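**Student:** Only the shape, not the letters, is given here:
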């Protein structure tokens, strides 16, 4: 054992040797854990980009759906002042419809203020065609030449107009938190969201129907307020959450494009009603010992909705009894409770247990309402069914370290659900599972997991208030008896110091053996692999491949008796990707590329015992290539350039070739399967300070 004197002599010798050698270059050294320097720092990106073609599918969520140029604007600003004061300002995609801005500031350990604004754009379709006027509003009218007996007799050639169906969200949030005394923290947050634009819907009059554009004008306000305590062993929190939703449109009305039957010249459908939700939450965690911890939370909530009812019909020639009330006076009470306990019994054995209780008590009054079918026929009165449920979940688990590098875990999950106004009053599901993690060798990590679950349902029966009876042999898949087996294997291999390989297989199988009509089986198989290679000190490569196959089978009865037809679905998704990063000029130029190929196929087979021609497969293919380069002009100034090209093709027999007038009694949108070939170029400068 070396003495302190010997260590001192050794240290002096090493220092002398180091001085004799070449001096160490410390220009790039940085202390990540050191206190941040005071003053202003950050980066600003500014530039331009261009999208070659318009495509709602390509820009579905990215904001890159318009053809033409766009502004690139991103910032990361930080300020650190004296006395632990600070503020941060970040922005991204300022030139797109998916832009965001957030700011935060305060004094560390004392208070914090924050603000956030973001816009989200969802582009659904750019191939909708409709003759209706007033799209985006609550009243749809028709041009001259309507109504007509069939779509073939409608003046569609001169009245169709092309529309974009999309939804835009704007979210604003602001809040504060402060610590007035030791161990206590208070926080409050306000959110306001607007959601405007359109979505698809439809309306029918007996055997005739039309696709319609539904207006979206939603406004949601939310508030969160909390008080938190953090002590030596105890952490506790009391919070309130409130949400109010407002729809500026009560209903959508539209003219009947078909020749009216029984006086039904116009239709009306209710849109999502205004509603509120309020909840109080209490939670706590306690460290009983250094190895045992428990936590619990409970939340009481109340939902209400009291918008006025619409008239039962807009058909003046249909005599309908009066409604039993002016509004639903809908209300539901919710209770959510959770408790969890974990304990390290020994250095090798760890136990965990959790219990969750969720209850929704729908207290909406029941009443008999007039039954009107497609504004044409009056049926027997129907009674609303205020659906309620109770769910109890219990989970028990244990993991044990058998040896260094090997751990086994086992557990049991219990799930009980009670429902009202459903074909099954109660379902219970028991699942047992096991998992093994092992370092087979120093360079191989292996994970194996297995699970088996069985769900059983109480007696399946018809719901009395459902007017049209269901086939007594039908079993709805979420209420039916089911067994589920899942398995997975994952291997991570460090082949060499520069090559890492990952391989995995996951499978599941569902069996509804007691269902003669309905879903009878389902399975899923996924295979994946990934590879990372450090080709040189300046070049790295990564690649991955994924294949997923999903199957299901169901039986039906057209004769309302035993099964007389069956259907099978098979979805296949295959994705392969490869990427490379290369330092072309040290501390000057970085370049890279990513290439990805995706192929999907959906096969639908139907068997009736006769000659079944089958359906064509629904397919899609996507090829995407991204190239980028970052060039450092100075220590604080860089140029960023990228090129993205993507091609997408799809075929869907349910859409392709179907025009607005293809079906005599259905006025369709005439949407076609999306396809595009889009190029995106970006060029920006990044300034750091």
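**Tutor:** Sure thing, it's come through. Remember, it's a predicted structure, so these values are computed and weren't measured experimentally.
**Student:** Show me what residue 602 is bridged to.
**Tutor:** residue 571, residue 618 (DSSP bridges).
**Student:** these two touch, right, it and residue 552?
**Tutor:** No. With contacts counted by Cβ atoms under 8 Å, residue 602 stays clear of residue 552, the gap being 11.3 Å. C-beta here means a position set from N, CA and C on the backbone, and glycine is covered the same way.
**Student:** and for the two, which residues touch both?
**Tutor:** residue 569 (Cβ atoms under 8 Å, 6 or more residues apart in numbering).
**Student:** if I pick the one residue sitting closest to the centre of the chain, what's in contact with it?
**Tutor:** Nearest residue to the geometric centre of the chain (Cα atoms, centre = their mean): residue 61, 12.2 Å. By Cβ under 8 Å, 6+ apart, residue 61 lies in contact with 98, 120-123.
**Student:** and it, which of the three is it?
**Tutor:** coil (DSSP: H, G, I helix; E, B strand; the rest coil).
**Student:** Start the count at 25 instead of 1 going forward.
**Tutor:** In the new numbering, first residue 25, that becomes residue 85.
**Student:** Could I get the phi/psi values of it?
**Tutor:** phi -120, psi -10 (degrees, to the nearest 10).
**Student:** From residue 261, how far out is residue 212?
**Tutor:** When distance is defined by Cβ to Cβ, to the nearest Å, residue 212 is 13 Å away from residue 261.
**Student:** neighbour-wise, which of those two wins?
**Tutor:** When neighbours are counted by other Cβ atoms under 10 Å, residue 212 and residue 261 differ, and residue 261 comes out ahead with 17 against 14.
**Student:** buried set for the strand or helix carrying that one?
**Tutor:** For residue 261, the host element (DSSP states H and E) is strand 258-271. Residues of strand 258-271 classed as buried: 259, 261, 263, 265, 267, 269, 271 (neighbour count, 16 or more other Cβ atoms under 10 Å).
**Student:** For the closest residue to the fourth one other than its chain neighbours, give me its contacts.
**Tutor:** Read it as residue 265. Closest residue to residue 265 in three dimensions, ignoring its sequence neighbours and counting by Cβ to Cβ, 6 or more residues apart in numbering: residue 303, at 4.6 Å. Residues near residue 303 by Cβ under 8 Å, 6+ apart: 264-266, 323-326, 358.
**Student:** how about a cut-off of 10 Å?
**Tutor:** Residue 303 is in contact with 248, 263-267, 323-327, 358, 360, counting by Cβ atoms under 10 Å, 6 or more residues apart in numbering.
**Student:** could you give the mean pLDDT of stretch 643-656?
**Tutor:** Mean pLDDT, stretch 643-656: 98.
**Student:** likewise stretch 437-456?
**Tutor:** On average, stretch 437-456 scores 97.
**Student:** can you check stretch 266-277 too?
**Tutor:** Stretch 266-277 comes out at a mean pLDDT of 97.
**Student:** Help me confirm that residue 107 is found in a strand?
**Tutor:** No. Counting by three-state DSSP, residue 107 is not part of a strand but helix.
**Student:** hang on, the earlier thing: which residues are in contact with each of residue 212 and residue 261?
**Tutor:** Joint contacts of residue 212 and residue 261 (Cβ under 10 Å, 6+ apart) are residue 250.
**Student:** can you pull out the strands in the stretch 425-574 of the chain?
**Tutor:** Assigned by DSSP state E, counting those that start in this stretch, the strands in the stretch 425-574 of the chain fall at 430-443, 450-465, 468-481, 506-518, 523-535, 542-558, 563-580.
**Student:** what comes up buried for the second one?
**Tutor:** So that's strand 450-465. Going by 16+ other Cβ under 10 Å, strand 450-465 has these buried residues: 451, 453, 455, 457, 459, 461-462.
**Student:** so can I have JSON lines of these showing distance to residue 310?
**Tutor:** What follows is the buried residues of strand 450-465, written out as JSON lines (distance: Cβ to Cβ, whole Å):
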{"residue": "451", "distance to residue 310": "34"}
{"residue": "453", "distance to residue 310": "31"}
{"residue": "455", "distance to residue 310": "29"}
{"residue": "457", "distance to residue 310": "28"}
{"residue": "459", "distance to residue 310": "28"}
{"residue": "461", "distance to residue 310": "29"}
{"residue": "462", "distance to residue 310": "34"}
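**Student:** Residue 71: which of these is nearest?
**Tutor:** Of all the buried residues of strand 450-465, residue 461 has the smallest distance to residue 71: 46.2 Å, by Cβ to Cβ.
**Student:** circling back: can you redo the strands of the stretch 425-574 of the chain as a markdown table with distance to residue 284?
**Tutor:** Output for those, formatted as a markdown table (distance: least, Cβ to Cβ, whole Å):
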| stretch | distance to residue 284 |
| --- | --- |
| strand 430-443 | 41 |
| strand 450-465 | 46 |
| strand 468-481 | 46 |
| strand 506-518 | 47 |
| strand 523-535 | 47 |
| strand 542-558 | 38 |
| strand 563-580 | 34 |
